[in-house]
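Participant: quick one: sequence plus predicted model below, questions after.
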Amino acid sequence: MPAVPSSRSTPFTPPAQLSATQLALLAGLNLAVLAWSRLGAFDAATWWMEVAPVLLVWPLLLATQRRFPLTPLLLGLIFVHALILIAGGHYSYARVPLGDWLREMLALGRNPYDGLGHLAQGFIPAIAARELLLRKTGLQPGGWLFTVVTACCLAISAIYELIEWGAAVALGQGADEFLGAQGDPWDTQKDMALAWLGAMLAQLLLARAHDRALERLAQN
C-alpha cells in the first residue's frame, strides 16, 4: 500500500535566503516601476520626497547582502512597501486611483490610500525591526520583543510626521501634496495610530512565519 503523505508536509518550502541574482532582480523590478513612476508624476517635488526611502533602502540592501542577508519574507515585504510608496509618489497619495475607487465604493469622505501607506509604515518596519532585534540583541520572542518592536515603529512614524512638519514649514503650500492631509486636522494622529496598528498586526499575523524564516536562514 502506498504511503499516505503526512498532513504536515508542504508542497513548497521557501528558500533560506535569496541569492545575489534574485535580490538584484527584485531590486531591478522595483527600480523599473520607480523609473516609470517618474514619467508623468503629478508633482516632481512630491515624487522625490515620497520615493526617497526606496532610493535609500535598495542600495543599502544590495551592499549588505553578503554580510547580512535578510529573510525572503522581509525582502518580499520591502518590495511591496516600495510599490506602495512609488504609487503614492506618482499620483500623490490623495489622488491614487485605488483610493478613489475605495472612496466611492465605501462612501468615504476622503481618498484612503494615505491610510494604507501609514498602515504599511508600521507593518513592514515591524518585521524589519523584529529581524534586527532577534539577530543582533538578546531579545527573544515574547512580550518584551513585541513591545520594543511596536515602540520602534511608533518612533519611525513620529519621525516621518516631523519630516512632514519640516517640509510644511520650509515649503508652505508647496508641501500640501506631500502632507496628504486632505483637510483633516487630525491627520497626523490618525497616521500614527495606523502605523501602531500595522506594527501590532504584523507581529500577530507573521511572527510564526518569521520565526521559521529566521531559523532557515540561521541553518543555511
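Facilitator: The structure has been received and is ready for your questions. Residues are numbered from 1 along each chain as shown.
Participant: contacts for stretch 103-119?
Facilitator: With contacts defined as C-beta atoms under 8 Å, 6 or more residues apart in numbering, stretch 103-119 is touched by 84-85, 87-88, 93-96, 98-100, 102, 157, 180, 182-184, 187, 190-192, 194-195, 197-198, 201. From N, CA and C alone the C-beta is placed, and that goes for glycine too.
Participant: let me see the confidence value for the closest residue to Pro15 other than its chain neighbours.
Facilitator: Closest residue to Pro15 apart from its sequence neighbours, by C-beta to C-beta, 6 or more residues apart in numbering: Pro72 at 5.8 Å. On the pLDDT scale, Pro72 is placed at 97.
Participant: and Gly138, by the same measure?
Facilitator: So Gly138 comes in at 89 (pLDDT).
Participant: which SS state does it fall under?
Facilitator: Following DSSP: H, G, I helix; E, B strand; the rest coil, the label given to Gly138 is coil.
Participant: so what's the residue count around Phe42?
Facilitator: Phe42 has 14 neighbouring residues, counting by other C-beta atoms under 10 Å.
Participant: equivalent analysis for the one 5 residues further on, please.
Facilitator: By other C-beta under 10 Å, the residues close to Trp47 number 22.
Participant: now do the helices in this protein.
Facilitator: Using DSSP state H, the helices of the chain run over 20-38, 44-64, 72-91, 97-106, 113-136, 143-171, 176-179, 187-219.
Participant: name the nearest residue to Met200, sequence neighbours excluded.
Facilitator: Excluding the flanking residues, the one nearest Met200 by C-beta to C-beta, 6+ apart is Thr150, at 6.1 Å.
Participant: cool, and Val51?
Facilitator: Closest residue in space to Val51, ignoring its immediate chain neighbours: Gly89 at 4.3 Å, by C-beta to C-beta, 6+ apart.
Participant: that neighbour contacts Pro53, correct?
Facilitator: No: Gly89 is beyond contact range of Pro53, at 10.0 Å (criterion: C-beta atoms under 8 Å).
Participant: low-confidence regions, the chain specifically.
Facilitator: Along the chain, the model assigns pLDDT under 70 to residues 1-12, 167-186.
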